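Colleague: give me the fold of what follows.
(one chain, ligands or ions: 1)
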Amino acid sequence: MSALLEARDLGFSADNGAMLVEGVSLSVGPRDRLAIIGPNGAGKTTLLRMLAGMLRPDTGAVTLDGRDLSRIPAAERARNIAVVGQSDRPDPRLSVIDYAELGRVPHAGLRRRGEDREIARDALDRAGLLPLAGRAMGSLSGGERQRAQIARAVAQQPRILFLDEPTNHLDPRARGAVLELVACLGIAVVSVLHDLSLVAPFVNRVAVLEGGRLLAFDTPDRALTPALMREVFGVDVLRLPHPVEARELTVFDIPIRLSLNS
Ligand SMILES: Nc1ncnc2c1ncn2[C@@H]1O[C@H](COP(=O)(O)OP(=O)(O)OP(=O)(O)O)[C@@H](O)[C@H]1O
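Modeller: Numbers count the residues shown, from 1 in each chain. You can find the predicted model right below:
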């Protein structure tokens, strides 16, 4: 399958010259789901922002359908790419339905039609938020707000969805529900994920980043090896057979050593 998005030799350095991302090449097919994993400060968000066209790389380039992303007009980019970032700050006065309907702006502009309202309502429904449609964004809990952000991106009907830690505010059931909703869209997804137990069931590709460099870009089975995970995260990762189902569970084994005096 030919690539929808392609990154070649991406690099980005901070104003102080520190290399935050270096020499990253990868590709994303139209229905691929890619997880970017790595420890804090590895450069995951920086890479995601470059792939989404929010940050211009210092070296290399990102192409969408073979076209340089930086040369695609913003409105056209927004019809193809949706981003749910960690630092999004929705206007707290907006109603949840009006916020979700903002996802329609790239398609319909400011003159939205009844059909756009319906698409926004459907996205809220899928995210389990329809009962809160009339509430103000500022009144939502962290998890509800995160689901509203996903609903806005779903309403945008992009070809590729970028998610930066989409489940960090969600309880376990909501995590599964949100990732199922995203997977059911049948579009390309690129997501930063910290929870390795969610990676293997959700994606077909994993990019392992450390110190701004790509250490692996492969299937979950080949990328999530205990040796590489130990090297990257500094703790053991266990791959255990599920007690009932024919699949593996991937979990961090995080040692918490309490002193005898505590
Ligand atoms: N403008 C900047 N100037 C200097 N350093 C920066 C700048 N922006 C980011 N960094 C540093 O670059 C590194 C990579 O940041 P980035 O946010 O991409 O990492 P991350 O892998 O997403 O981390 P986390 O898991 O903690 O969210 C970090 O050490 C961060 O402090």
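
Colleague: make sure Asn204 is actually in contact with Asp32.
Modeller: Yes - with contacts counted by CB atoms under 8 Å, Asn204 reaches Asp32, the gap being 6.0 Å. All C-beta spots, glycine's among them, are computed from the backbone N, C-alpha and C.

Colleague: which residue of the two possesses the greater neighbour count?
Modeller: For Asn204 and Asp32, the more surrounded residue by other CB atoms under 10 Å is Asp32, and the numbers stand at 20 against 14.

Colleague: is it true that that one touches Arg205?
Modeller: Yes - with contact defined as CB under 8 Å, Asp32 reaches Arg205; the gap is 5.6 Å.

Colleague: list the buried residues for the host helix or strand of Glu180?
Modeller: Glu180 is part of helix 172-184, with elements assigned from DSSP states H and E. Residues of helix 172-184 classed as buried: 174-175, 177-179, 181-182 (neighbour count, 16 or more other CB atoms under 10 Å).

Colleague: closest to Phe162 among these?
Modeller: Taking CB to CB as the measure, Phe162 lies nearest Val182 of those, at 11.1 Å.

Colleague: ok, now which ones touch the closest one?
Modeller: The neighbours of Val182, taking CB atoms under 8 Å, 6 or more residues apart in numbering as the test, are 33, 150, 154, 161, 163, 166, 189, 191.

Colleague: what about the first one, how many residues close to it?
Modeller: Residues within reach of Arg33, counting by other CB under 10 Å, total 22.

Colleague: which stretches of this structure form helices?
Modeller: 44-51, 74-80, 96-101, 105-108, 114-126, 142-155, 172-184, 196-202, 220-223, 226-233 (DSSP state H).

Colleague: for the ligand, find the nearest of those helices.
Modeller: Shortest distance between the ligand and those, using CB to the nearest ligand atom, is found for helix 44-51: 3.4 Å.
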